[in-house]
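Student: okay, sequence plus prediction incoming.
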Amino acid sequence: MRIHAADVNLFNASRAVWNALVLSMRRPSVFCTWEWIDAWLRIFGNMYQPVILFAYQGDTLVGILPFALKSMRIEDGLVPGRAITFCGSRELYPDHMDVIASAEHAAGCMHAAMRYLSTDFKSWDVMHLSHVSDDATLLSYIRAEYPEPDIQNVSQAPYIPIREAFDGSYEKYMMSLSRNKRHDLRRRNRKLIMDGVLYDADDPRRNADCIRTLFSLHKQRADSKRIETTFSGEAMQAFHVEIAGIFHSNGWLTLRVMRLGDRVLASLYCFTFAGRVFAYQMGIDPAWETRGIGSAIIFNMVEEAFQRNCTEFDFLRGGEEYKDSWTAHSRPQYTINIYNNSVVGQMIRETGKVRALAKRWING
C-alpha cells in the first residue's frame, strides 16, 4: 500500500470515491465526509497546511486520512510544536473521526500512513487526534503498535441504539426510561401543544436565517447561564450557514424547531447520515427553558428518529447530565498523542509527563 499527499486538484476530484469510502467505514461519520472537510478547508484551512493522505492499493484509492498541520500548543502544554490534527477538530469539535476506509483496509492504511509520516514527511512534532471513539480502527492500531501510547479518556458520547437495543420500537425505548421521566416528558409536551407551540422542520431554503437563529438562541442561553461557548464567532457561523445548505441538498440536514407562530423558541441542529442521527447543537430561548422546551424538542426528534427507522440517535461528546437521562448507552471518547523523534516532539512528550504527574499529585 502506498501513500500520496493529495493536492488541491486531487482533493477536489475525489468527492465521489471519498464519500463511498466513508460509507464503507465500520461506523460512518458525517464529520468525515468530503463536504465537511471541504467547507472547513475553505473557511478555516488558511491557518493550516493540509496533510490529506490518500492510501492506494495498486491504482485503487482504498483509504484516506484527513490531516492538517499547524504550529500550536496542545491542550495546556508549555511548548508549542508543529501539530498534526484531524481537519476541523480544533474549530468544529467533530466526533467519531477515524481512518476513512473499510474494515478490510483500515489497519493497512494506518500502517502505511504512519510509515509515510516517519520517513517521507517528517516536519511535525506531535500528532494530536481528539475524541476518537473506543471502537475506532485508529485507536486499536495505536494500542497495538505503540509501546506505552499516550491515550487519554476525555469524554463520553451517549447514544440511543434504536435497532440494536430496542428493535426499532419507540414504546420499548420509552419503557427503558424512568416512570417519572416518561410522565414529565409527555406532560410538558402536551402543555406546550395546548399553548400553541409546534414541533416543526426548518431548512435553509425556507428560512435563510435559520442557522443565525440557532446561533442567537444558543448565545442567549449561554449568556443567561454565564457560561462560555465554542459555538460562536463569524467564521463558525459562516461555516454552518454554508454546510447546512450543502447538507440540506444532500438530504443530510435535520434541523428541527419548536415554534410559537413565527417565533422560534428552540432549535435542534442535527445531521442524518448512513442511518444515524447526529445531534450536533441546540439553541433555547432562556425564557422558555423552565417550561421544558429543550426536553420537548429532543423528545420529538427522538420519536421521529424511531419513526424514520434510523439505527441510532447520537448525542455526541459531552458529559452533560441531561444526555444521561435519555440513555444508559455511551461510547468512551479518547484523545491520542503521538510524538515525533524531533527535539520539540520529545520536549512536548516529557513536559506532558511532568504535567500529568503534577495533576495527579494535586488531585490526590
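Tutor: Received the coordinates, thanks. Treat the numbers as computed from the prediction; the structure is a model and nothing was measured.

Student: next, count neighbours for the residue nearest to residue 201 when sequence neighbours are not counted.
Tutor: Spatially, and ignoring its direct neighbours in sequence, residue 201 is nearest to residue 256 (6.1 Å; CB to CB, 6 or more residues apart in numbering). No exception for glycine: its C-beta is placed from N, CA and C like everyone else's. Residue 256: 20 surrounding residues under other CB atoms under 10 Å.

Student: residue boundaries of the strands in the chain?
Tutor: 2-5, 49-57, 60-72, 81-86, 100-101, 126-133, 150-160, 197-202, 253-260, 263-273, 276-284, 312-314, 330-339 (DSSP state E).

Student: related to what we said a few turns ago, contacting residues for the residue nearest to residue 201?
Tutor: 199, 200, 201, 202, 267, 268, 270, 297, 300, 301, 304 (CB atoms under 8 Å, 6 or more residues apart in numbering).

Student: ok, what's across the strand from it?
Tutor: residue 201, residue 268 (DSSP bridges).

Student: using the record's assignment, carve this structure into domains.
Tutor: When the chain is parsed into structural domains using automatic domain parsing, the resulting residue ranges are 2-155+332-362, 162-328.

Student: quick one: end-to-end distance for the last one.
Tutor: Spelled out, that is domain 162-328. 12 Å (CA to CA, to the nearest Å).

Student: how distant is it from the center of its chain?
Tutor: 15 Å (CA atoms, centre = their mean, to the nearest Å).

Student: what's around residue 307, how many residues?
Tutor: 10.

Student: 341 is where my numbering starts, stick with that
Tutor: Let's use 341 as the start, then, which means that last one is residue 647.

Student: who are the contact partners of the spatially closest residue to it that is not a sequence neighbour?
Tutor: Leaving out its chain neighbours, the residue that sits closest to residue 647 by CB to CB, 6+ apart is residue 510, at 7.3 Å. Contacts for residue 510 were tallied using CB under 8 Å, 6+ apart; they are 643, 646, 647.

Student: surely residue 671 and residue 495 touch.
Tutor: No. In this structure residue 671 lies outside contact range of residue 495 using CB atoms under 8 Å: 9.5 Å.

Student: okay if I get the domains of the chain as TSV plus mean pLDDT?
Tutor: Shown next, in TSV, are these (pLDDT from 0 to 100):
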stretch	mean pLDDT
domain 342-495+672-702	92
domain 502-668	94
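
Student: now do the helices in this structure.
Tutor: Taking DSSP state H as the criterion, the chain carries its helices at 348-352, 355-364, 374-383, 443-459, 477-485, 510-516, 519-534, 550-565, 574-590, 626-629, 633-647, 661-664, 683-702.

Student: the second one vs helix 443-459, what angle?
Tutor: Taking axes from the mean of the first three to the mean of the last three CA atoms, to 10 degrees, helix 355-364 and helix 443-459 form an angle of 110 degrees between their directions.

Student: and residue 400, how many neighbours?
Tutor: With neighbours defined by other CB under 10 Å, the count for residue 400 comes to 9.

Student: picking that back up, please identify the most buried of the strands of the chain.
Tutor: strand 440-441 (a mean of 28; mean count of other CB atoms under 10 Å).

Student: each with direction, which strands does that one pair with?
Tutor: strand 400-412 (antiparallel).

Student: if we can go back for a sec, and residue 437, which of the helices of the chain is closest to it?
Tutor: Ranking the helices of the chain by distance to residue 437, with CB to CB as the measure, places helix 477-485 first at 7.8 Å.

Student: my guess is residue 474 meets residue 497, correct?
Tutor: No. Using CB under 8 Å, residue 474 is not in contact with residue 497; the gap is 9.3 Å.

Student: what touches both of those two?
Tutor: In contact with both residue 474 and residue 497: 671, 672, 673, using CB under 8 Å, 6+ apart.

Student: any chance of those in a markdown table, with distance to residue 662 too?
Tutor: Below are the shared contacts of residue 474 and residue 497 laid out as a markdown table (distance: CB to CB, whole Å):
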| residue | distance to residue 662 |
| --- | --- |
| 671 | 18 |
| 672 | 19 |
| 673 | 18 |
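
Student: which among the residues you listed gets closest to residue 573?
Tutor: residue 673 (23.7 Å).

Student: residue 620 versus the closest one, what's the distance?
Tutor: According to CB to CB, to the nearest Å, residue 673 and residue 620 sit 15 Å apart.

Student: go on, residue 478?
Tutor: Where residue 620 is concerned, residue 478 sits at a distance of 22 Å (CB to CB).

Student: show me what contacts the closest residue to residue 633 other than its chain neighbours?
Tutor: Leaving aside its sequence neighbours, residue 633 sits nearest to residue 606 (CB to CB, 6+ apart; 4.6 Å). By CB under 8 Å, 6+ apart, the contact set of residue 606 is 557, 597, 598, 622, 623, 624, 625, 628, 633, 634, 636, 637.

Student: what's the closest of those residues to residue 657?
Tutor: For the contacts of residue 606, the nearest to residue 657 is residue 622 (13.9 Å; CB to CB).

Student: show me what that closest one bridges to in the sheet.
Tutor: Assessed by DSSP bridges, residue 622 has beta-bridge partners residue 608.
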